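*Asks:* Predicted model, plus sequence, below.
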Amino acid sequence: MDLTLWTYEGPPHVGAMRIAASMEGVHYVLHAPQGDTYADLLFTMIERRGRRPPVTYTTFQARDLGGDTAELVKRHVREAVARFRPDALLVGESCTAELIQDQPGALAAGMGLDLPIVSLELPAYSKKENWGAAETLYQLVRGLLLHDAAAQSPGAANPGPQAWKEQQRRPRVNLMGPSLLGFRCRDDVHEIRGLLKDHGIDVQVVLPMGASVADVMRLPDADANICLYPEIAEPCCSWLERNYGIPFTRTVPIGIGATTQFLQELHSLLGMEPPDPEEGRQRSRLPWYSDSVDSTYLTGKRVFIFGDGSHVLAAARIARQELGFQVVGLGTYSREMARPVRTLAKELGLEALISDDYLAVEAAMAEAAPELVLGTQMERHSAKRLGIPCAVISTPMHVQDVPARYSPQMGWEGANVIFDTWVHPLMMGLEEHLIGMFRHDFEFVDGHQSHLGHLGGLQAGQMTAEISADSEEQSTAAHSLTLQWTADGEAELKKIPFFVRGKVRRNTEAYARESGRKEINSETLYDAKAHFSA
C-alpha cells in the first residue's frame, strides 16, 4: 500500500462500513487495531449524521499480540450481539488485522449464534473501498437469501419482469446501490422515486440505504432491479439476475439523454408502452438553454473529466452531447470501471488515465490545458493551483459537496443541478476577466469610492490584476516547458479574453516550434494570428 497525502478510496473495510451504516438492523464487528476507529469521522463529519456507524472494533493493541487475539474477537462478537441485538452480523478485519490471520468470520460462524452471520474476506492490499462495498453488499444479499429455506428452492425464481400484468398490479422495482458516503445518493433516490411514480412504477426496496434484513428478503419479489451505482450494485444485480431471473437496467440516469434512455430501457424490460421521448425537454431547463443563443458561449469549451467510473461516463456524455463541450481529458480511479472508460476515451481520440495518483492526474490536467475541470475534491485543489474553474462530480468529496438542500444528480432535476454546477464556474470566470479588462475605467481609478468603500478604486483593480497575474504565472509554468515567452508577449496575451486565451497560447506555441523560434514576443503572437487566419 502506498503512503500518500490524499487517496481517492479508503481500504475495503471502509466500503463494508458504508453498507452496514446505510442499513437498519445490521451490525459490523471489525477486527482492527487501536486507531482504525478514524473511519467513524467519515460519517459524522462528511455525512453530518447524528449517530456513529454500527461498528464494534476489537481495538487490539501491541501488548495483545502476545496473547490470544482470537478470543478477543469472540468476546467482542458476543458483546456486540448482546448489546445491539442485530438482525444480521457482518464480521471482517482491517488491513492490519489481516496480517494476524485470525479469520474472525470463521470464528464468529463457529460460535453457534442464532442470527445470520456474513463473513467478509476483503483483501486490503489489492482492493479498495468501492470494491469492498460491492463485495459486502453481494455477500450480505447472497448470505441472507440462501439462509432462508424458501429462497433456496427453484420455485422461488422470479416469474418474469411482466408478471405484474397477469397479477393486475403496478410494476415494482428495487433501487440498487445508493449508500452513505456516495455522491448525492439521498437526493438521487428521492428524484428517481418521483420519476418512477410519474410513470406508474412502484419502488419496493432501496438497498442498502435505509433497508432492513426483512427488505433484503423481499428483493426477489421485484419485477426488475435498477442499478443506480454500478460500482456498488452490479455484482449483486448480476447474481439476482442469474439466480432469480430478475433483469436489471444498465443505463445510469444522469443527464437528459441518459435519463431518456434509462426510461426507455426500463419500460422495455417491463413490457410497458414507450415513454414520451420529449419528456426531458418539458421537465428540465438544460435542453432549453442548449438550444438558446446564450449557449454558444459554451460551445467548444475544453473540459477535463476525472472521478469514479459511473459519473465520469455520464459527465462525458453530457459534456459532448448536451452542452457542446470538447472533452480533452478522461480518466478514473475506479479500476473496476477501467474498461468502459478506456472504450469511451478511444472513441474521443484520447488515452484514458486510469490512476489513483492525484499528482499524475494533476500533471495530465496541466498538460491538457482545459477551461473547466470536472472531478473530485482532489481535482478541485489541483485546479485551484492551476487557475482553472472546477466542479465536483464524484467522490471523494468535501463536506461542502454534501449540501443540506435538495441537490440530486439523476433525473430531470439532476440535469438542472448539473447545468448550474458546471456553467456557473465558467460564467464567474468570464466576470472576473471582464473586471480585469476594465480595471482602468474610472470606477477603478484611485480616489473613486464604490459602495464597498475602501475596497473600491485602485485597490480593487490591483487585487484583480494580482489574481490574474498569479493565474497566468501558474499556467505559463505548466505549458511553456520548451519555449520562452517574453514580457511583451505575455502582456499581449493577457489582453485576449481568458475563454480563448488557452487556444491562442497553444496555436502560438505550435507556430513558434514550426518556425524554429525559441522566444515568443508580441510580434510572434501577431505572426501566429496571421498564419492561422490565412
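*Replies:* Cool, the structure landed.
*Asks:* Residue 488 sits in which helix or strand?
*Replies:* Using DSSP states H and E, residue 488 falls within helix 487-494.
*Asks:* Now do the helix or strand just after that helix against helix 487-494: the angle between them, please.
*Replies:* Beyond helix 487-494 on the C-terminal side, the first helix or strand identified by DSSP H and E is helix 498-515. Taking axes from the mean of the first three to the mean of the last three C-alpha atoms, to 10 degrees, helix 498-515 and helix 487-494 form an angle of 140 degrees between their directions.
*Asks:* What segments of the stretch 51-200 of the chain are helices?
*Replies:* Secondary structure of the stretch 51-200 of the chain (DSSP state H, counting those that start in this stretch): helices at 69-84, 95-98, 104-109, 129-147, 149-152, 163-166, 185-198.
*Asks:* so how far is the first one from its chain's centroid?
*Replies:* Just to be clear, that refers to helix 69-84. Relative to the centre of its chain, helix 69-84 is centred 36 Å away, using C-alpha atoms, centre = their mean, to the nearest Å.
*Asks:* Which among the helices of the stretch 51-200 of the chain is found nearest to residue 247?
*Replies:* Distance to residue 247, taken as C-beta to C-beta, is lowest for helix 163-166 among the helices of the stretch 51-200 of the chain, at 12.1 Å. All C-beta spots, glycine's among them, are computed from the backbone N, C-alpha and C.
*Asks:* CA-only coordinates of that closest one in PDB, if you can.
*Replies:* C-alpha atoms of helix 163-166 as PDB (Å, rounded to 0.1, in the frame of the first residue of the first chain):
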ATOM      1  CA  ALA A 163     -45.800 -10.800 -14.200                       C
ATOM      2  CA  TRP A 164     -47.400  -7.600 -13.000                       C
ATOM      3  CA  LYS A 165     -49.700  -7.700 -15.900                       C
ATOM      4  CA  GLU A 166     -51.000 -11.200 -15.000                       C
END
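*Asks:* What does the pLDDT read for residue 170?
*Replies:* On the pLDDT scale, residue 170 is placed at 95.
*Asks:* contacting residues for it?
*Replies:* Residue 170 is in contact with 164, 200-202, counting by C-beta atoms under 8 Å, 6 or more residues apart in numbering.
*Asks:* make it 6 Å
*Replies:* 200, 202 (C-beta atoms under 6 Å, 6 or more residues apart in numbering).
*Asks:* Now stretch 366-375: buried residues?
*Replies:* Residues of stretch 366-375 classed as buried by neighbour count (16 or more other C-beta atoms under 10 Å): 366, 368-375.
*Asks:* Restricted to helices, list those.
*Replies:* Those of the buried residues of stretch 366-375 mapping onto helices are 366, 368, per DSSP state H.
*Asks:* about what we covered before: rank the helices of the stretch 51-200 of the chain by mean pLDDT and give me the bottom one.
*Replies:* Lowest mean pLDDT within the helices of the stretch 51-200 of the chain: helix 149-152, at a mean of 50.
*Asks:* from the buried residues of stretch 366-375, which is closest to residue 417?
*Replies:* Ranked by distance to residue 417 (C-beta to C-beta), the buried residues of stretch 366-375 are led by residue 374 at 13.4 Å.
*Asks:* Rounded mean pLDDT for the helix or strand containing residue 313, please.
*Replies:* Secondary structure assigned from DSSP H and E places residue 313 in helix 309-321. Computed over helix 309-321, the mean pLDDT rounds to 96.
*Asks:* Residues contacting the helix holding residue 488, please?
*Replies:* Residues outside helix 487-494 that contact it (C-beta under 6 Å, 6+ apart) are 520-522, 525.
*Asks:* where do the strands sit along the stretch 301-450 of the chain?
*Replies:* Applying DSSP state E, counting those that start in this stretch to the stretch 301-450 of the chain gives strands spanning 302-307, 326-332, 353-354, 372-375, 390-392.
*Asks:* Kindly reformat these as CSV and extend each row with distance to residue 276.
*Replies:* Below are the strands of the stretch 301-450 of the chain laid out as CSV (distance: least, C-beta to C-beta, whole Å):
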stretch, distance to residue 276
strand 302-307, 30
strand 326-332, 29
strand 353-354, 38
strand 372-375, 29
strand 390-392, 30
